[in-house]
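*Asks:* coords please:
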Amino acid sequence: MLRSFNWHDLEPLLRGALWTLALCLTSGTLGTALGLVLGLAATSPSKAANWISSAYVNLVRGVPLLIIIFFAYFAIPLILPALELSAFVTAVIALSVFAAAYMAEIFRGSINAVPKGQCEAADALGLSYTRKYRYVVMPQAMRIAVPPGIGFLIALVKDSSLVTVIGFIELTHAGTIVSNLTADPITTYSVVGAMYFVICYGMSRLGRWYEKKTGIRANVLDPKKPSAIQLEGA
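*Replies:* Next up is the predicted model:
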């Protein structure tokens with residue numbers, strides 16, 4: 001029997017929002033870690049590592065996220081029949097694979113954005129490849145990667161609504177269930193939209209706070225040298 005939307009319906013929506021947060025935090029962390037490895041591989045002197053990174057990024061970015069979710073949901077049980085995965089774990093795998101490709105490109109671009117002079121100075125000091133990246137390149141690259149990285153993670157929160165197709169009850173799925181039980185889908189999805197906004201806005205503010213804390217700022221022109229561009233963190 002249909003009924004109107006009431007405050008009791010906020011409980012399943014809040015539960016769905018928490019599952020969305022858990023899903024995005026887990027997949028975002030795993031995707032960022034894998035993306036960092038792929039980004040380093042893309043900028044390494046090894047042609048094999050370059051090829052592997054490029055192949056992965058081009059393949060994953062060329063396939064819709066929905067197909068990746070379906071593949072993870074149906075293919076993993078067929079490939080590994082003894083492995084039983086919950087809808088949450090399957091969703092994490094799919095979103096992590098998807099996020100890694102985009103984070104890899106963000107890290108690759110950030111590493112390439114570090115001035116060549118920084119690497120030349122590290123080479124002049126006799127630093128090894130590992131120490132050069134650890135102490136010179138990556139600290140600067142990470143600061144450059146923060147704004148686009150936060151932007152992608154916000155997009156990932158909204159894209160996570162696609163995992164509803166495999167039965168995982170996150171925020172969008174919870175909203176659909178509540179909407180089917182009530183006669184007020186407008187109010188239900190308005191609340192769902194407001195919850196997505198709070199999550200995404202919170203992440204945006206957290207990114208801004210991190211930028212201020214680490215001194216990240218937009219490139220500005222030196223008034224004494226109008227033609228020169230001051231690099232971030234310089």
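
*Asks:* Please read off the pLDDT at residue 209 from the model.
*Replies:* pLDDT recorded at residue 209 is 87.

*Asks:* Does anything pack onto the top helix by length along the chain? Which helices or strands?
*Replies:* When the chain is parsed with DSSP state H, its longest helix is helix 10-42. Contacts defined by 3 or more C-beta pairs under 8 Å, 6 or more residues apart in numbering; DSSP states H and E place helix 10-42 against helix 47-61, helix 87-113, helix 138-159, helix 171-181, helix 185-214. The way it works is simple: take the backbone N, C-alpha and C, and place the C-beta from them, glycine included.

*Asks:* Show me what counts as buried in that helix.
*Replies:* Neighbour-count burial for helix 10-42 flags 12-13, 16-17, 19-21, 23-24, 26-28, 30-32, 34-36, 38-42 (criterion: 16 or more other C-beta atoms under 10 Å).

*Asks:* Minimum distance to residue 8: which of the helices and strands packed on helix 10-42 has it?
*Replies:* Nearest to residue 8 among the helices and strands packed on helix 10-42 is helix 171-181 (9.8 Å), distances taken as C-beta to C-beta.

*Asks:* ok, the residue nearest the centre of the chain - contacts?
*Replies:* Centre of the chain computed as the mean C-alpha position; nearest residue by C-alpha atoms, centre = their mean is residue 153, 3.5 Å away. Each residue near residue 153 by C-beta atoms under 8 Å, 6 or more residues apart in numbering is listed here: 24, 28, 99, 203.

*Asks:* Could you double-check that residue 111 lies in contact with residue 41?
*Replies:* No - using C-beta atoms under 8 Å, residue 111 is not in contact with residue 41; the gap is 10.8 Å.

*Asks:* how far does stretch 140-152 sit from the chain's center?
*Replies:* Centroid displacement of stretch 140-152 relative to its chain, using C-alpha atoms, centre = their mean, to the nearest Å, is 11 Å.

*Asks:* does residue 126 count as helix, strand or coil?
*Replies:* coil (DSSP: H, G, I helix; E, B strand; the rest coil).
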